[in-house]
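Everything below, folded, please.
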Amino acid sequence: MNTLFEQYMNLNIDTTWIGLEKREEMRYSCTPIGARIFGWDCGGLHYCFIDSFGEMVFAVNPENFGGPYVYPLARNFSDFLSMLLTYKTTNALHQIIIFEKEKFLSFFKLDSWKEYNNRQEVVETLAVIQKELNIVPMEDPYDYVIELQKEFDHSKIRYVDEFYEQTGWEKSTE
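Purely as a prediction, here's the structure:
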């Protein structure tokens with residue numbers, strides 16, 4: 001039986017409008033070793049699984065100066081899609097770790113946000129995901145991600161040597 005991720009890939013839909021553009025893989029020095037990239041958003045931001053972390057879904061943000069460059073967003077792909085159905089775009093998901101909850105939720109009240117998320121392309125793409133994969137929106141993605149961040153040990157992520165040279169971060173010996 002296909003995994004949920006394989007079923008998602010087999011939908012063969014354009015997910016660019018929801019921040020998961022499918023394109024030729026490119027790697028940044030902050031792309032972890034073992035990353036399996038499945039989608040791209042603006043500014044080089046990409047989403048992946050990392051081999052040593054099983055089904056956990058990560059955001060890789062090369063423009064997140066001061067780090068973390070890589071952080072978990074969901075324990076599994078089902079949760080990731082569920083959050084995506086709630087917030088309509090990955091652009092919201094990767095910003096959870098930046099803002100306090102009240103400030104984060106205030107973005108959803110902006111007319112520009114509502115206008116974009118009500119575009120036909122966004123609505124139709126999310127409807128296919130919801131129907132074909134039997135996924136429902138998550139009730140509180142913000143708290144889910146914040147809790148996941150608290151539990152996660154970022155020192156377990158491994159990078160190429162160039163990353164450590166560029167950032168001055170110490171390479172873990174574990």
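
From now on I want contacts and neighbour counts done on CA atoms only, so please keep to that.
Noted.

Centre of the chain to the lengthiest helix in the chain, how far?
Longest helix of the chain, by residue count under DSSP state H: helix 120-133. Distance of helix 120-133 from the chain centroid (C-alpha atoms, centre = their mean, to the nearest Å) equals 18 Å.

Ok, stretch 129-146 next?
That offset, for stretch 129-146, works out to 13 Å (C-alpha atoms, centre = their mean).

So which other helices or strands are in contact with the longest helix of the chain?
Packing partners of helix 120-133 (3 or more C-alpha pairs under 8 Å, 6 or more residues apart in numbering; DSSP states H and E): helix 4-10.

State the distance from residue 23 to residue 98.
26 Å (C-alpha to C-alpha, to the nearest Å).

Would you mind listing the buried residues in the helix or strand just after the longest helix of the chain?
Counting by DSSP states H and E, the next helix or strand C-terminal to helix 120-133 is helix 141-151. Going by neighbour count (16 or more other C-alpha atoms under 10 Å), the buried part of helix 141-151 is 141, 142, 144, 145, 146, 148, 149.

Just the CA trace of stretch 105-118, in CSV.
Output of stretch 105-118 as CSV, limited to C-alpha atoms (Å, rounded to 0.1, in the frame of the first residue of the first chain):
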residue,chain,number,x,y,z
LEU,A,105,-2.9,34.9,14.2
SER,A,106,-3.3,38.6,13.4
PHE,A,107,-1.9,38.0,9.9
PHE,A,108,-5.0,35.9,9.1
LYS,A,109,-7.2,39.0,9.6
LEU,A,110,-5.4,41.0,6.8
ASP,A,111,-7.4,41.5,3.6
SER,A,112,-4.4,40.6,1.5
TRP,A,113,-4.0,37.3,3.3
LYS,A,114,-7.7,36.5,2.9
GLU,A,115,-7.6,37.5,-0.8
TYR,A,116,-4.7,35.3,-1.6
ASN,A,117,-6.0,32.3,0.3
ASN,A,118,-9.4,32.6,-1.4
